[in-house]
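[1] for reference, the sequence and a predicted model appear below.
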Amino acid sequence: MGRFIYDTVANAVDIDDRTLAHLRIVVMNKLRRSESFMFDVEVGDGSGRRSFWMHPSVPIQFHFYGSRQPRINRVWVEDLMLAASGPNGLAITPEPSEDALVEEG
């Protein structure tokens, strides 16, 4: 279990390391292009959802508790990038099969 930290530790959400690795790629690419977006995430304790306005001027951290870098699913990254660019912003979606890319092509 990793942790997404937005500005301060008080604004942190626990997220599975595998999911967090994929989110890191999406956030890094969006902010590198100076593209702000909304990130909506369920709070792990079941107390609801939090929305973060992702902007290049706000410090963020991705804290991974595991020592291994997970294998990246390109299909999932593409799905998350599309969501981040859409009207509702980025939300964590279930990981699709990597075979989905082959099936679509």
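    Perfect, I can see it now.
[2] do you know how far the residue nearest to F64 when sequence neighbours are not counted is from D17?
    Closest residue in space to F64, ignoring its immediate chain neighbours: G2 at 4.6 Å, by C-beta to C-beta, 6 or more residues apart in numbering. Backbone N, C-alpha and C define where each C-beta goes, glycine included. Per C-beta to C-beta, to the nearest Å, G2 is found 4 Å from D17.
[3] quick one: which of the two has more around it?
    Taking other C-beta atoms under 10 Å, G2 and D17 do not tie; G2 has more neighbours (21 against 18).
[4] next SSE downstream of whichever helix in the chain runs longest?
    When the chain is parsed with DSSP state H, its longest helix is helix 17-32. Once helix 17-32 ends, the next helix or strand along the chain (criterion: DSSP states H and E) is strand 37-42.
[5] what pairs with that next one, and is each one parallel or antiparallel?
    Strand 37-42 pairs in its sheet with strand 49-54 (antiparallel), strand 90-91 (parallel), by DSSP bridges.
[6] contacts for it, please.
    4, 13, 15, 23, 27, 30, 48-54, 84-85, 88-92 (C-beta atoms under 8 Å, 6 or more residues apart in numbering).
[7] distance check, the residue nearest the centre of the chain against G86.
    Nearest to the centroid of the C-alpha atoms of the chain, with distances taken as C-alpha atoms, centre = their mean, sits L23, at 2.4 Å. Between L23 and G86 the computed distance is 15 Å (C-beta to C-beta).
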